[in-house]
Every structure is written in structure tokens, then in C-alpha cells.
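> Sequence and predicted structure below; questions after.
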Amino acid sequence: MTETYWSDEKELVERAKGGDFEASKMLVDTYAPMVYKYFRGMGLATDVVEDLVSETFASAFDSLPKFRGDSSFKTWIFGIAHNMRCRHFGEKKRSLLTLSKTFVEKFKGFYTRNAPSNPEAEMILEEQKHLLHQAMQSLPVEFREVLVLRFLEELSMDETAEILQLATGTVKSRTYRAKAMLKEKLERLQKTKQPKRNNYATHAENAQEFPATSEPTQQHIHPMSEQALAYNRSYRNEDRVS
């Protein structure tokens, strides 16, 4: 992270603390897509994700006067998102896991079967995605989360440790264990589920149960931005009145 970036971020935060709507909007526009991707990576449905993103930023704006800048705003907002995730998973059972193409790409090296260069390649790739979804869904949530933060959000060991409130060494060992567990589960699934090469239509239909796209679109982010910013505006107005 460059010194210029830090300077710009700190300036935005200070302006947002003072009730600057444009600064608040810029913070939301910058970090809402990242938070959205984090919640989707944890396997939550789109409507739940949108609610949690709005709640995350509402909580952030509420607590913004207490933000001292000891860490980056990005790390701080992910810490709030992590707490929201813990609360949600405490209230609800594990839901259907959906992963982005980016995340699948990160772990393609775990596949033991190479897709051939022929019409069957697409079918086998879809099977591999299907197996990855199953393997990720079966991981304990603490191991799933560290993979999402490290490889989907591409956060450093130190940033992940700060968000999860763990020692860096613990994050490092948990990441190693999570990758080993994921690889083992994938290999086990591949042995028990052979591709139905003569039935591509059925396989493709099954693959639809696991949507590949988890990137936020503008129609997802815009309403969330408005909700969070509306909260911030009303909160600042109440603060001025009192």
C-alpha cells in the first residue's frame, strides 16, 4: 500500500467523519464490492449478502468517529464484515455455497484430472467446478473463511490475522491446513464421482445448481450504497441536532 494511497484514504475517512456525503459515497463505492465478494465467497445468497453489506456499512458509519486509523480502512471494514458473518452464521445454518470464477481459478491446481482438448473439455471443467463447490461447502467455516480472505480477497497474512483477530502464525497454519483439507476432499470426490461423459446435458443441468458468478453488479451495489449512505446522512443530521 503506497503512502499516497494512505494519504488519500485517511483524507476520505476524515471528511466522512465530518459528514461529507461525497467522501462517504466514495468509501462505499470503493469497498462495497470487496465486502460483497467476501460474503458471497462465504456461501451466502444474494439477498442475504445485500442486507449484510448494508448492515456492515451502517455499522461502519456509526462507529466511524471511533476509527483511529491504526489500521487501514479496508482492514477495519473487513473486521466489521467478519463480525457480521459470525453473527449471521450463529443464527442460520450453512447455506448453499456459491463461488466466483476467480476463486475456482485459484484452486485449479488441485484438480488431479486434466481436461482434454476436445468437446468433452467443457463438461469436465464443469464437473471440476461442481466438485470444488462441494468440497468448499464441506469445510468448517473457519477454514473456508481463511481461504476466502487469502485467495479470493487476496489479503495478506497480516491483514487476515488482524481481521480474524488471530496471530499471523495461526493464520499461516490454518491456511496450510485449509488447503490440505480442500485438496483431500477434492481428490476423494473425484474418485467417487466419475464424469458422465455420455450425458453432458444432465451434467450441465446439475451444474446450474452452483452459480459461477458471484461478482457484484452495479444493480447490486447501487441500492446498497444508497441504503448505507442514507443511514450515514441521517446519522450525521441527528448528531448535529443533538
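Cool, the structure landed.
> which stretches of this protein form helices?
Secondary structure of the chain (DSSP state H): helices at 3-17, 21-41, 46-63, 73-91, 101-106, 121-138, 141-147, 157-164, 168-192, 200-207, 218-241.
> now for the fourth one, which elements pack on it?
Judged by 3 or more CB pairs under 8 Å, 6 or more residues apart in numbering; DSSP states H and E, the packing partners of helix 73-91 are helix 3-17, helix 21-41, helix 46-63, helix 141-147, helix 157-164. Every C-beta, even on glycine, is put in place using the N, C-alpha and C of the backbone.
> How about the longest one?
Counting by 3+ CB pairs under 8 Å, 6+ apart, the packing neighbours recorded for helix 168-192 are helix 121-138, helix 141-147, helix 157-164.
> Please identify which of those is closest to Ser59.
helix 157-164 (14.7 Å; CB to CB).
> Domain-wise, how is this structure divided?
What automatic domain parsing lists as the domains of the chain is 1-98+217-242, 99-213.
> Which one of the helices of the chain has the poorest average confidence?
Note on the helices of the chain: helix 200-207 shows the lowest mean pLDDT, a mean of 43.
> pretty sure Leu152 is in contact with Phe39, am I right?
No - counting by CB atoms under 8 Å, Leu152 sits too far from Phe39 to count as a contact (10.9 Å).
> Which one's more surrounded, those two?
Phe39 (25 against 20; other CB atoms under 10 Å).
> which non-adjacent residue is nearest that one?
Val49 (4.3 Å; CB to CB, 6 or more residues apart in numbering).
> How many residues are close by that neighbour?
Other residues close to Val49 by other CB under 10 Å number 25.
> How about His130?
18.
> do Ala167 as well
10.
> residue contacts, the nearest residue to it once chain neighbours are set aside?
Leaving aside its sequence neighbours, Ala167 sits nearest to Ala161 (CB to CB, 6+ apart; 6.3 Å). By CB atoms under 8 Å, 6 or more residues apart in numbering, the residues touching Ala161 are Ala167, Thr168, Thr170, Val171.
> now that we have those, which one has the most neighbours?
Neighbour-wise, those (other CB under 10 Å) top out at Val171, 23 neighbours.
> wait, doesn't that residue sit right on Thr160?
Yes - taking contacts as CB under 8 Å, Val171 lies within contact range of Thr160: 5.0 Å.
> Now do the shared contacts for those two.
Val146, Arg150.
> wait, Lys74 sits on Ala32?
No - between Lys74 and Ala32 there is no contact under CB under 8 Å: 11.9 Å.
> what's the burial count for Glu142?
Glu142, neighbours per other CB under 10 Å, totals 12.
> which residues does it contact?
Here Glu142 is in contact with Arg174 (CB under 8 Å, 6+ apart).
> Next: the one 3 residues further on.
Residues touching Glu145, when contacts are defined by CB under 8 Å, 6+ apart, comprise Met42, His82, Arg85, Leu164.
> Could you measure from the second one over to Val141?
Pointing back at His82 there. 11 Å (CB to CB, to the nearest Å).
> Comparing those two, which shows the higher neighbour count?
Neighbours per residue (other CB under 10 Å) separate His82 from Val141, with His82 holding more: 19 against 13.
> Excluding residues flanking it in the chain, which one is nearest the more buried one?
Nearest one to His82, counting by CB to CB, 6+ apart, is Ile163 at 5.3 Å.
> Redo the contacts of Ala161 as JSON lines? Include distance to Gln128.
What follows is those, written out as JSON lines (distance: CB to CB, whole Å):
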{"residue": "Ala167", "distance to Gln128": "34"}
{"residue": "Thr168", "distance to Gln128": "32"}
{"residue": "Thr170", "distance to Gln128": "30"}
{"residue": "Val171", "distance to Gln128": "27"}
